[in-house]
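K.L.:
give me a model of this one.
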Amino acid sequence: MGTMYYGGPDTAIHIEDRALAHLKVVIATKLRRGESFTLSWQHPDGEPRGRSTVWLHPSIPLRFVFDEPQPPELNREFLRDLANSANTSGGIQLIAEHIDIAPAAAADAARSPQE
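P.N.:
Next up is the predicted model:
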């Protein structure tokens, strides 16, 4: 579980490492352009139930801390979806990553139960 610190060390936002790696790319791109936007997520297990939203602005300190020492391979489709949501009035809605299934598995899933 990674952590994003926004506005100082007292504001720790816990996000799974893989999702945080994708968010880092999208957030850094938006902030480098001087763009502000919101980020919303559901609270992870172990935290009080609910959801949160923060307003991200280039002037507010931001730090990403990852548990894993090696960065994951990034999913271009997931990056595109996050970037597209960042450009909407609702901002980034942290959602589950799209997982591509192998062609053979897709064919098996498409077969009817009678086969």
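
K.L.:
just give the nearest non-adjacent residue to residue 87, would you?
P.N.:
Nearest residue to residue 87, sequence neighbours excluded (Cβ to Cβ, 6 or more residues apart in numbering): residue 37, at 7.8 Å. Just so you know, the C-beta spots here come from the backbone N, C-alpha and C atoms, and that holds for glycine as well.

K.L.:
can you give me the neighbour number for the one you found?
P.N.:
Counted with other Cβ atoms under 10 Å, the neighbours of residue 37 add up to 20.

K.L.:
which residues does it contact?
P.N.:
By Cβ atoms under 8 Å, 6 or more residues apart in numbering, the contact set of residue 37 is 30, 55, 56, 86, 87, 91, 92.

K.L.:
for residue 41, same thing?
P.N.:
13, 15, 51, 52, 93, 94.

K.L.:
tell me the one among the residues you listed nearest to residue 26.
P.N.:
Among those, residue 94 lies closest to residue 26 (Cβ to Cβ), at 10.3 Å.

K.L.:
could I get the phi/psi values of that closest one?
P.N.:
The phi/psi pair for residue 94 (degrees, to the nearest 10) reads phi -70, psi 110.

K.L.:
and it, how far is that from residue 66?
P.N.:
Separation of residue 94 from residue 66 (Cβ to Cβ, to the nearest Å) stands at 16 Å.

K.L.:
now the residue lying closest to residue 49 once chain neighbours are set aside, what are its backbone angles?
P.N.:
Of all residues not flanking residue 49 in the chain, residue 43 sits nearest, at 6.3 Å (Cβ to Cβ, 6+ apart). Taking degrees, to the nearest 10, you get phi -70, psi 140 for the backbone angles of residue 43.

K.L.:
perfect, that will be all.
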